[in-house]
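Chemist: Have a look; sequence and predicted model below, questions after that.
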Amino acid sequence: MGGLIPTKGMIKYNKNFMNKVKVRIAPSPTGNLHVGTARSAIFNWLYAKHNNGEFIVRIEDTDTERSKKEYEDNILDGFKWLGLDWDRLERQSERTEIYKKYLRELLENKKAFWCYHSKTELMEEKEGQMVRKEPPRHICSHKNNPPSELPTDEGIIRLNVSEKEGSVSFEDMVRGEVVFQREIIGDISIAKNENSPLYNFAVVVDDHEMEISDVIRGEDHIPNTPKQILIYEALGFDIPNFAHIPLILGEDKSKLSKRHGAVSIFDYKEEGFLAESMFNFLSLLGWSPKNDVEIMSKEEIIDIFYLDGIQKSGAVFDIKKFKWMNGEYIKKMDLEELKKEIDPFLNKHFGSYEKDILDKSIGVIQERVEIFDQAKEFHFIFKDIEYESDLLVWKKSDILGAKKSLETILKLIEQDFPEEINIEKLKEKLDGISQSDFAGDRGAVYWPLRVALSGEKFSPDPIQLTTILGKEKTIKRIKKAIDKI
């Protein structure tokens, strides 16, 4: 960001040049929808909804080599999944003539010019500036004295930036006043040719043509802002408000990347995160509501969303908190809807399974999973189990004690429950066995039963498991445990 000291010649702009709020999200279709882009889209969408404004999606697809239709589809599908409805959809690739018109205007008015310096010359200039610890910039000699013999290559089009002293400033709605010294900017490249505008130029033209009132984007765009302001000034355009939101960080406080885990929206969907919790979680990454409530509906967030709640420091993507939040949403789901959501994950891990088992276990699963993919941890409900016999032994008992407990429970279930197992009655009987046969040590009774039914140290209550598995499977698993001993 260089030069944060205000000086003379500062460029200002009108913060209220639009009556209606219009915002945009401008993703490049060069990869799948990243959580950072999704969070920026959510902030823009919330701001538009809160102010009864418009939310525009602009696909920045002028990079023809890297832009792919499948990436555009992924991005738009991601917005739809998150519930971000847009008022307009634009593509830069369809706007070439508009850019050409403004480029020609700048060239005709001598506010832009052709630069014919070779890539080698520009690289040598940059390397020299780095050695001298100067900010990299190109003040082009061709803007006033073009070469008499033009090189074979066409060169590029640059903005004619005055070398006068002064600074370019803007009032960031998140960070306050940000100032760049004008002389460090240089003559900005704005187009490869009249048919190929570069990023900063196309952004300015698009935001003007689309009447964007507020530009809400990541803080990594701050260095682009003074360049864009100079282009606005050269074209005589009103300048929108700017709000640069903090980057999303990994738990090690570095910029979120694939090494931190999933970063694509649909990676999280495939793990079993809900769109509602994703929206809720991302809306709180870098923004704090004044009421300190964390679980909120879209409507509630829209009602209280203000830009002054956005923080300046980076926002850590806390996956544990995200899973907790998703779990809270799962706990509120209708059971029939939850079964539909869980079913694909069970099919993925177990293939075919008995649907009536899911009917019996869905309440238990709902209370314990934070994401749908965790349904695989209930394998003992849907598939046969394997475990070592040592696991059946309660810490205060021994292998003979485990056998005695299981044989007593087996006899109890076979004799006292001619039909299905009653939870309350079974609990009463098991507590009685612990008093009569194990000196009140409930673990000596419940632990072997837990392991016999689940094969796990940690599982739902074993009495619950008997009702989920049913009498026949319960007896079968208890007998298998006794045989192991």
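Modeler: The structure has been received and is ready for your questions. Numbers count the residues shown, from 1 in each chain.
Chemist: need the contact list for Leu453.
Modeler: 380, 459, 462, 465-466, 469, 474, 477-478 (Cβ atoms under 8 Å, 6 or more residues apart in numbering). (C-beta placed from N, C-alpha, C; glycine too.)
Chemist: Look up how far Ile478 lies from it.
Modeler: Applying Cβ to Cβ, to the nearest Å, the value for Leu453 to Ile478 is 8 Å.
Chemist: just Ile245 next, same as before
Modeler: For Ile245, the distance to Ile478 - Cβ to Cβ - is 58 Å.
Chemist: repeat for Val161
Modeler: Computed as Cβ to Cβ, the Val161 to Ile478 distance reads 83 Å.
Chemist: Phe279 now?
Modeler: Phe279 is 46 Å from Ile478, by Cβ to Cβ.
Chemist: Tell me which of Ile245 and Ile478 has more neighbours.
Modeler: Taking neighbours as other Cβ atoms under 10 Å, Ile245 and Ile478 compare with Ile245 leading, 26 against 23.
Chemist: Surely that one is in contact with Ser40?
Modeler: Yes - Ile245 lies in contact with Ser40 (Cβ atoms under 8 Å); the separation is 6.7 Å.
Chemist: Look up the residues that both of the two are in contact with.
Modeler: 216-218.
Chemist: Please flag which of those residues sit within strands.
Modeler: 216-218 (DSSP state E).
Chemist: rewinding a little: top of the shared contacts of Ile245 and Ser40 by number of neighbours, please.
Modeler: Ile216 (26 neighbours).
Chemist: So what pairs up with it in the strands?
Modeler: Going by DSSP bridges, Ile216 is paired in beta bridges with Ala243.
Chemist: Let me see the contact set for it.
Modeler: 23, 40, 43-44, 47, 243, 245, 307.
Chemist: Can you pick out the ones from these that are in helices?
Modeler: Using DSSP state H, the members of the contacts of Ile216 that fall in helices are 40, 43-44, 47.
Chemist: mind listing the helices for the stretch 151-300 of the chain?
Modeler: Taking DSSP state H, counting those that start in this stretch to define them, one finds helices in the stretch 151-300 of the chain at 199-209, 224-235, 265-271, 275-283, 298-304.
Chemist: Mind putting those helices into JSON lines with mean neighbour count and distance to Ser436?
Modeler: Below are these laid out as JSON lines (neighbours: other Cβ atoms under 10 Å; distance: least, Cβ to Cβ, whole Å):
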{"stretch": "helix 199-209", "mean neighbour count": "22", "distance to Ser436": "80"}
{"stretch": "helix 224-235", "mean neighbour count": "21", "distance to Ser436": "78"}
{"stretch": "helix 265-271", "mean neighbour count": "18", "distance to Ser436": "48"}
{"stretch": "helix 275-283", "mean neighbour count": "22", "distance to Ser436": "48"}
{"stretch": "helix 298-304", "mean neighbour count": "15", "distance to Ser436": "55"}
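Chemist: Mind checking those helices for the one nearest to Asn32?
Modeler: helix 265-271 (6.6 Å; Cβ to Cβ).
Chemist: Show me what the top helix by length along the chain is packed up against.
Modeler: Counting residues, the longest helix found in the chain (DSSP H) is helix 462-484. Helices and strands touching helix 462-484, by 3 or more Cβ pairs under 8 Å, 6 or more residues apart in numbering; DSSP states H and E, are helix 355-368, helix 379-382, helix 399-416, helix 423-437, helix 443-454.
Chemist: any residues touching the third one, and which ones?
Modeler: Residues from elsewhere that reach helix 399-416, judged by Cβ under 8 Å, 6+ apart: 389-390, 392-394, 397, 421, 425-426, 429-430, 433, 437-438, 444-445, 447-449, 452, 466, 471, 474-475, 478-479, 481-482, 485.
Chemist: Quick one, which of those are buried?
Modeler: Among these, those classed as buried by neighbour count (16 or more other Cβ atoms under 10 Å) are 392-394, 397, 421, 426, 429-430, 433, 438, 444-445, 447-449, 452, 466, 471, 474-475, 478, 481-482, 485.
Chemist: what residues are up against Glu456?
Modeler: Contacts of Glu456 (Cβ under 8 Å, 6+ apart): 380, 387, 450.
Chemist: do the same with Val364
Modeler: Applying Cβ under 8 Å, 6+ apart to Val364 gives the contacts 378, 460, 464, 468.
Chemist: ok, which pair from those is furthest apart?
Modeler: Greatest spacing in those, by Cβ to Cβ: Phe378 and Gln464 (11.7 Å).
Chemist: Between those two, which has more neighbouring residues?
Modeler: Set side by side, Phe378 and Gln464 show more neighbours around Phe378, with 25 against 16, by other Cβ under 10 Å.
Chemist: gap between that one and Leu33?
Modeler: From Phe378 to Leu33 the distance is 31 Å (Cβ to Cβ).
Chemist: Ser40 too?
Modeler: Separation of Ser40 from Leu33 (Cβ to Cβ): 11 Å.
Chemist: Tell me how many other residues crowd the closest residue to Leu256 other than its chain neighbours.
Modeler: Distances taken as Cβ to Cβ, 6 or more residues apart in numbering place Ile248 nearest to Leu256, at 4.6 Å, with adjacent residues excluded. Neighbour count of Ile248, defined by other Cβ under 10 Å: 23.
Chemist: so what's Ile248 up against?
Modeler: Counted by Cβ under 8 Å, 6+ apart, Ile248 has contacts 35-36, 39, 255-256, 285-286, 314-317.
Chemist: Just put these in JSON lines and tack on pLDDT and distance to Ile302.
Modeler: Shown next, in JSON lines, are the contacts of Ile248 (pLDDT from 0 to 100; distance: Cβ to Cβ, whole Å):
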{"residue": "Val35", "pLDDT": "95", "distance to Ile302": "20"}
{"residue": "Gly36", "pLDDT": "95", "distance to Ile302": "21"}
{"residue": "Arg39", "pLDDT": "97", "distance to Ile302": "16"}
{"residue": "Lys255", "pLDDT": "83", "distance to Ile302": "29"}
{"residue": "Leu256", "pLDDT": "82", "distance to Ile302": "25"}
{"residue": "Leu285", "pLDDT": "96", "distance to Ile302": "17"}
{"residue": "Gly286", "pLDDT": "95", "distance to Ile302": "17"}
{"residue": "Gly314", "pLDDT": "93", "distance to Ile302": "25"}
{"residue": "Ala315", "pLDDT": "93", "distance to Ile302": "20"}
{"residue": "Val316", "pLDDT": "94", "distance to Ile302": "25"}
{"residue": "Phe317", "pLDDT": "95", "distance to Ile302": "23"}
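Chemist: ok, so of those, who is nearest Ile59?
Modeler: For these, the nearest to Ile59 is Gly36 (16.8 Å; Cβ to Cβ).
Chemist: part of a strand, is that closest one?
Modeler: No - read with DSSP: H, G, I helix; E, B strand; the rest coil, Gly36 is helix and lies in no strand.
Chemist: Would you agree it is in contact with Ser257?
Modeler: No - judged on Cβ under 8 Å, Gly36 makes no contact with Ser257 at a distance of 10.1 Å.
Chemist: Looking at these two, which one has more neighbours?
Modeler: Gly36 (20 against 11).
Chemist: how about the more buried one, what does it touch?
Modeler: Residues in contact with Gly36 (Cβ under 8 Å, 6+ apart) are 218, 247-248, 256, 263.
Chemist: and it, how far is that from Ser264?
Modeler: Per Cβ to Cβ, Gly36 is found 11 Å from Ser264.
Chemist: how about JSON lines for the helices of the stretch 151-300 of the chain, with mean pLDDT added?
Modeler: Shown next, in JSON lines, are those (pLDDT from 0 to 100):
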{"stretch": "helix 199-209", "mean pLDDT": "97"}
{"stretch": "helix 224-235", "mean pLDDT": "96"}
{"stretch": "helix 265-271", "mean pLDDT": "95"}
{"stretch": "helix 275-283", "mean pLDDT": "98"}
{"stretch": "helix 298-304", "mean pLDDT": "96"}
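Chemist: Since that was my last question, I'll sign off now.
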